[in-house]
Structure formats: C-alpha cells, structure tokens
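Student: Please work out how this folds:
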Amino acid sequence: MATHIFFTPEKNIRNIWWVVIFYLILAAFLFPLIILADRYSFEITMLHQVVLILVVSMICQMLRRKPISDLTGNINLIWLKELFIGLIIGAALMLLPVLCLTILGYINWQVNIFSYSTITSGLSILLLAAIAEELLFRGFMFQRLIQSLGKWPAQLLVAGLFLLTHINNPGMTGIVKTLASVNIFIASILFGIAYIKTKSLAMSLGLHFMANFMQGTVLGFGVSGGKDASLLKPVFNNAPVWLSGGDFGIEASILGLCFVILITISLHFWYPLHRARE
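Tutor: Okay, the predicted model is just below:
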C-alpha cells in the first residue's frame, strides 16, 4: 500500500504538515497585526507576541483535538519543581563565567542605585521574551518536528532558526559574532534538551528567563546585544572582547561558551528522562 504524503495510515495529518499549518496560521494573524500597527502607529510589543504565539498554538492544538497542556506540560508541583531547577541552571549559566572573570581580575563592580522599577521592568520584559521564544521554538513546532524527524534533526533545525532570529543583533561583529553565534546555537540545544528530558516547557522557560535576567538586570551585561537598566555595573580592566563579550553580553565570551557547553553536556547525561505523570 502506497504511503500518503499528507496523512498517516490512521488518517491523521502528518506532523511535518502541522508545522506548515502552524506557520500559515501565524502569518494569517501576524500580517494584519503589522498592518494595524503601521496604520494606527503602535508598537508590536513582546506581550503582543506572546499572545499571538499562544493563540496560534491553542488553535493548532484544538485542530489536533489536544489540550494546550500537551505542549506546556501540566502545571502542577512537578512543573513548578522543574521551573525552579531551570531558574537555578539559568543563574549558574551566567554567574559561573562572571565569577571566573572577577577572580582573574578582569572585572570590577559598581553598584547602581537600587530601584524596584529596574527589577520589575527586567522581570516583565525578559519573562515575556522567554515565554514568546520558548512557545515558538520549543512549543508546537519543535514538538511536531521531533515526532516527524526525530530528536536531533529537530534540535539542529530549530537551533538554526533560533540563531537566525538573533544573527543581526547589536554588537555582533568580529570574534564576538562567531562566539555569540555558537553560544546561541548551543543554548537552543540546551533548552531543547530541557524539554526532551521533562516533556514540559517549565525547565526551558526558567532556564531561558533566568539566564537573561541574571545577565542583564542583575549583572549589567548586554542581553543578546540589548541593554537595559541593571542593579550592578561591570567595569572591565582591559579585558579583550573575546573574554568580556563586548556589548553583546557575557554569552558572547569564550568563558560563556565553555560553560554553556559544559551545562548542556551535564544536563544531557545527568538529568533523568521524563517518566509518566499522574
């Protein structure tokens, strides 16, 4: 019996076509939003992006007759535990290279005036950014690609797409661009492993958010080239950009790259695979 290109033997749409459907629905919402934003002169904020990706994901899940929790994981004590583990790993991802640079004498620290607005602004912007990116890159698309192509082909494809969305960020020049590109690619693999191990977005979301929050709002580095208010300010003592990461952030440094590789390998081999949940 010939294999149907669009449907499985059980008459279900093949997973690879669900990826196409996802992007078609996303485009159907996104382009009118862009036109409206231009017509009425408003900015498409990160909140708009979160709502857009969530709505499209929910529509696709409804079409598949699956709950949204099939993408995100059931929000329970296990989910919260995995979120917390992700927060710890994300903090370590940034603190460890910074600690090394401080001990080696490449960084001195200044304390900015404490401001609740600095914290709340960082929390809201970076949390929304993490939610949007995890829903887009580790949500419906990633999970359908895993079912269609397998784990590692899906990982490599999504990591490439993840890198493409960051490739022209401010500060990506010279050696910084090379280090940042490799780091971003491997970071996507790390977030993907977090999903694969847990079958939930909790750990990858916590990891992604806390890495950015710690790097930017707390420590005062750039976050993928973006720069906002922070609690601390690093002062570099003639450190070369391959050590400091330049304006892009500590993630574009050689130490940042070493630690993201180390943590990715550790999570892959150490963290137990997901078991069936209640």
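
Student: and Thr120, how many neighbours?
Tutor: 11 (other C-beta atoms under 10 Å). All C-beta atoms are positioned from the backbone trio N, CA, C, and that covers glycine.

Student: Tell me how far Arg39 lies from Met46.
Tutor: Arg39 sits 21 Å away from Met46, going by C-beta to C-beta, to the nearest Å.

Student: again with Ala202
Tutor: To Met46, Ala202 is 20 Å away according to C-beta to C-beta.

Student: for Leu243, same thing?
Tutor: Leu243 is 31 Å from Met46, by C-beta to C-beta.

Student: Same check on Ile85?
Tutor: Shown here: Ile85 relative to Met46, a distance of 25 Å by C-beta to C-beta.

Student: Equivalent analysis for Leu24, please.
Tutor: The gap separating Leu24 from Met46 is 23 Å, by C-beta to C-beta.

Student: just Asn74 next, same as before
Tutor: Distance, Asn74 to Met46, by C-beta to C-beta: 26 Å.

Student: neighbour count winner among those two?
Tutor: Taking other C-beta under 10 Å, Asn74 and Met46 do not tie; Met46 has more neighbours (18 against 14).

Student: who's in contact with that one?
Tutor: 125, 128-129, 132 (C-beta atoms under 8 Å, 6 or more residues apart in numbering).

Student: Using a markdown table, lay out these together with pLDDT.
Tutor: Shown next, in a markdown table, are the contacts of Met46 (pLDDT from 0 to 100):
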| residue | pLDDT |
| --- | --- |
| Ile125 | 93 |
| Leu128 | 96 |
| Ala129 | 95 |
| Ala132 | 97 |
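
Student: Around Thr72, how many other residues sit close by?
Tutor: For Thr72, the count of nearby residues is 20 (other C-beta under 10 Å).

Student: Correct me if wrong: it contacts Lys199.
Tutor: No. Taking contacts as C-beta atoms under 8 Å, Thr72 lies outside contact range of Lys199: 10.1 Å.

Student: now the nearest residue to Thr102 once chain neighbours are set aside, what's its secondary structure?
Tutor: In this structure, Thr102 finds its nearest non-sequential neighbour in Trp109, 7.5 Å apart by C-beta to C-beta, 6 or more residues apart in numbering. State at Trp109, reduced to three classes by DSSP: H, G, I helix; E, B strand; the rest coil: strand.

Student: All the strands of the stretch 101-250 of the chain, residue numbers only.
Tutor: Per DSSP state E, counting those that start in this stretch, the stretch 101-250 of the chain carries strands over the ranges 107-111, 232-236.

Student: can you state the direction angle for the first one and strand 232-236?
Tutor: When you say that, I think you mean strand 107-111. 150 degrees (axes from the mean of the first three to the mean of the last three C-alpha atoms, to 10 degrees).

Student: list the helices and strands strand 107-111 packs on?
Tutor: Contacts defined by 3 or more C-beta pairs under 8 Å, 6 or more residues apart in numbering; DSSP states H and E place strand 107-111 against helix 77-103, strand 232-236.

Student: Buried residues, it. List them.
Tutor: Neighbour-count burial for strand 107-111, counted by 16 or more other C-beta atoms under 10 Å, picks out Ile107.

Student: ok, and what's touching that strand?
Tutor: Contacts with strand 107-111, where a contact means C-beta under 8 Å, 6+ apart, come from 98, 101-102, 231-237, 239, 244.

Student: Just the buried subset of these, written out for ChimeraX, thanks.
Tutor: The ChimeraX selection below is limited to those of the contacts of strand 107-111 classed as buried (16+ other C-beta under 10 Å):
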select :98,101,231,234,239,244
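
Student: Save the contacts of strand 107-111 as CSV, and put in pLDDT and distance to Leu157 too.
Tutor: Formatted as CSV, the entries for the contacts of strand 107-111 read as follows, by pLDDT from 0 to 100; distance: C-beta to C-beta, whole Å:
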residue, pLDDT, distance to Leu157
Val98, 96, 32
Leu101, 94, 34
Thr102, 94, 37
Leu231, 93, 37
Leu232, 94, 37
Lys233, 93, 38
Pro234, 93, 35
Val235, 92, 40
Phe236, 88, 37
Asn237, 83, 41
Ala239, 85, 35
Ser244, 90, 32
